[in-house]
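> kindly generate the corresponding structure for this input.
(chains A and B)
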Amino acid sequence: MAKWGLRLAALVYLLFLLVLPVGLVFWRTFEHGLGAVWKQLTEPNARHAFEVTLKVAVLAVVLNTVFGVLLAILVVRHDFPGKRLLNAFIDLPLAVSPVVVGLALILVYGKFSTFGGWLADRGIQVIFSLPGMVMATIFVSLPLVVREVAPVLEEIGIEQEQAAWTLGAGPLQTFCRVTLPAIRWALAYGAVLTLARSLGEFGAIAVVSGRLVGKTQTLTLYVEQQFQNFNVAGAYAASFVLAFIAVVILVGVNVLRPKEGEA
Amino acid sequence: MTKRFGDFVALEDVSVDVPSGSLTALLGPSGGGKSTLLRIIAGLEQPDSGMVEIAGSDATRLPPQRRNVGFVFQHYAAFKHMSVYGNVAFGLEIRKRPKQEIRRKVNELLELVHLEQFAHRRPSQLSGGQRQRMALARALAVEPQVLLLDEPFGALDAQVRKELRKWLRRLHDEVHVTTVFVTHDQEEAMEVADSIVVIAGGRIEQVGTPSELYERPANDFVMSFLGPVTKLGDQLVRPHDLHLRNAPDGSTLEGTVVRVLRLGFEVRVEVVIDGVDLWVQLTREQVDGLNLEPGSVVHVRPARRGREPSVVPACAIGP
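The predicted model follows:
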């Protein structure tokens, strides 16, 4: 009896919070047929928003994958003073509101700050352009790769790596031939979560990008703008694409990921 | 050399000399520093002071990659994502040997460790004993100057452990690579090694051949670690070095038999002398001849071939 009650509660909870809203978006998107959706999505500002989103997301994923692995190795394999502090810092983006992240970046890299001014004198604009947006996205999605990879590193232990050393493998060879194959699924999963997070980021990007239509507008910003301009169809179409990409990559990775114990 | 971990002294001013071509056991209770010593030889730990010399040259500052040692871990440390073949070939591929040579060498080694039919399996499809033989082949593939084994049979069940011991001894007689292995099992050390180094509490207690250690232990610790002991008065003795008589002869102590345990050929006789327990190891014939049963009065003395006064120093080896 309690078992059924629990299941029912979970289902109702998910239904009202997740299935119903997302389902409605899907339904409203295709209300007027595929042609209408296509027209909304090929509109120049929409296409440009796609491009910007993709650029930001791909850069953020690549950088966070590389640095995420480095950080995970640092935290798991090395002992140094301040390690606990670093550990806490890695989780900071989960606790801090993205809007605050955006403001903080403006404080450091804005035109009227010392460092930002110095960069601007050399023709490098960080805020209200792509670099700042990538940095904001990196910041908010930083923990995802680290927190997927670190437990796996912990679990496989250091002995395989030490065995590789005694067999003559240098640090890079050991990483490529022994460590990387062992963490590859955690890494893939972390990268996919980072991608999903990057595509969906709104708050930090909204502050840092300046929301310049046709320039620094990402898909999420585009959705909001269309919605406020009463172009509901355009907002739904772009929302659908965002949700669809996220669902596809999550399902894809779960299908590809080997079952427990087979890796 | 000396090695500390924080306040804990793992090794204190220890010096060991391993003759080339020998099979040496580092024997001692766990936490005694023997694994640390092995890992220092491999370069996986750095000593706080002292030096490591391999084949006459100083290796103290060399990274593990350049020491040319083979290391076998207690829990195999198999490369899980590679086949058995891939595991054994690893060191040769790192050294960029020609494909042809790698294939020949790996097949040779797999034959040596009796795994030739498992070449394409994953380590997860092997039993513990097979995995450890694979790990040995992997370590031997790079033709190390020293083969180091850290409790190599510790994770295996008793039956497999006994088999692998014999097998390791035979393998060493074939390959002749200088081998050092760590164990806390005195039977394993006695059966396999040419020479045993007893380590406890970060110090070397004694070095010698198995029979030297057994017959002439340097101290009570070594004696009780390397075989059964019992106490006659204040003196530690081997239970089979005690003599029982029905009548006193001047040098005997009088006691009462508490229990007679017949374990096949061996019989354990438990005796109380002045309220203190000891036990004596006898044969069936001896027990029947003495007509022993619980309650009998017996007279005990050390057999003539008792423990000789030992003069072996506790820690003085190496150059």
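> tell me the residues of chain A that contact chain B?
A:159-160, A:162-170, A:173, A:177-178, A:181-182, A:263 (CB under 8 Å from any CB of the partner chain). Every C-beta, even on glycine, is put in place using the N, C-alpha and C of the backbone.
> name the residues of stretch A:189-207 that come out as buried.
A:189-207 (16 or more other CB atoms under 10 Å in any protein chain shown).
> so which residue of the stretch 201-319 of chain B comes closest to chain A?
Closest contact between the stretch 201-319 of chain B and chain A, by CB to the nearest CB, is at B:Gly202 (22.3 Å).
> what's the domain layout of chain A?
Domain assignment of chain A by automatic domain parsing yields the ranges A:1-31, A:33-262.
> of those, which approaches B:Gln65 most closely?
For those, proximity to B:Gln65 was assessed by CB to CB; domain A:33-262 is nearest, at 5.1 Å.
> what mean pLDDT does the closest one have?
Averaging pLDDT along domain A:33-262 gives 90.
> try stretch B:292-307
Per-residue pLDDT over stretch B:292-307 has a mean of 78.
> for it, which outside residues touch it?
Stretch B:292-307 is contacted from outside by B:216-217, B:223, B:232, B:235-238, B:241-249, B:251-260, B:269, B:271, B:273, B:278, B:280, B:290, using CB atoms under 8 Å, 6 or more residues apart in numbering or on different chains.
> now a ChimeraX select for only the buried ones of those.
Applying 16+ other CB under 10 Å to the contacts of stretch B:292-307, the buried members can be selected in ChimeraX as follows:
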select /B:216,217,223,232,237,238,241,242,243,244,252,253,255,257,269,271,273,278,280,290
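> the contacts of stretch B:292-307 in strands, which ones?
B:232, B:235-237, B:242-245, B:253-260, B:269, B:271, B:273, B:278, B:280 (DSSP state E).
> what's the residue of the stretch 201-319 of chain B closest to chain A sitting at in phi/psi?
The phi/psi pair for B:Gly202 (degrees, to the nearest 10) reads phi 80, psi 10.
> chain A contacts on the stretch 101-250 of chain B?
Near chain A, when you scan the stretch 101-250 of chain B using CB under 8 Å from any CB, you find B:Ala135, B:Arg138, B:Ala139, B:Ala141, B:Val142.
> now these as a markdown table including neighbour count, pLDDT and distance to A:Thr216?
What follows is those, written out as a markdown table (neighbours: other CB atoms under 10 Å in any protein chain shown; pLDDT from 0 to 100; distance: CB to CB, whole Å):
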| residue | neighbour count | pLDDT | distance to A:Thr216 |
| --- | --- | --- | --- |
| B:Ala135 | 27 | 95 | 56 |
| B:Arg138 | 31 | 96 | 54 |
| B:Ala139 | 24 | 95 | 57 |
| B:Ala141 | 25 | 94 | 57 |
| B:Val142 | 20 | 92 | 56 |
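> let's see which of the residues you listed end up in helices.
Among those, the residues falling in helices (DSSP state H) are B:Ala135, B:Arg138, B:Ala139.
> please name the nearest non-neighbouring residue to the last one.
By the measure of CB to CB, 6 or more residues apart in numbering or on different chains, the closest residue to B:Ala139 outside its immediate chain neighbours is B:Gly70, 3.0 Å from it.
> kindly report the same for B:Met134.
Per CB to CB, 6+ apart, closest to B:Met134 is B:Val84, 5.4 Å.
> and for A:Ala163?
Leaving out its chain neighbours, the residue that sits closest to A:Ala163 by CB to CB, 6+ apart is B:Ala77, at 4.2 Å.
> the helices in the chain, which residues?
Using chain A here. Taking DSSP H as the criterion, chain A carries its helices at A:2-14, A:20-29, A:33-41, A:44-77, A:83-95, A:98-109, A:114-121, A:130-156, A:159-166, A:171-174, A:180-200, A:203-209, A:219-228, A:232-256.
> chain B was what I was after
Along chain B, counting by DSSP H, helices occupy B:34-42, B:84-94, B:99-112, B:128-140, B:158-175, B:186-192, B:210-215, B:220-225, B:284-290.
> ok, B:Val72 - contacts?
Listed by CB under 8 Å, 6+ apart, the contact partners of B:Val72 are B:Gln132, B:Ala135, B:Leu136, B:Ala139, B:Leu147, B:Leu148, B:Leu149, B:Asp150, B:Pro152.
> surely the residue of the stretch 201-319 of chain B closest to chain A meets B:Met1?
No. With contact defined as CB atoms under 8 Å, B:Gly202 does not count as touching B:Met1 (10.8 Å).
> quickly list what's touching both of the two.
Contacts common to B:Gly202 and B:Met1, judged by CB under 8 Å, 6+ apart, are B:Leu11, B:Val14.
> who wins for proximity to A:His48 among the helices of chain B?
Set against A:His48 and scored by CB to CB, the helices of chain B come closest in helix B:84-94, at 48.6 Å.
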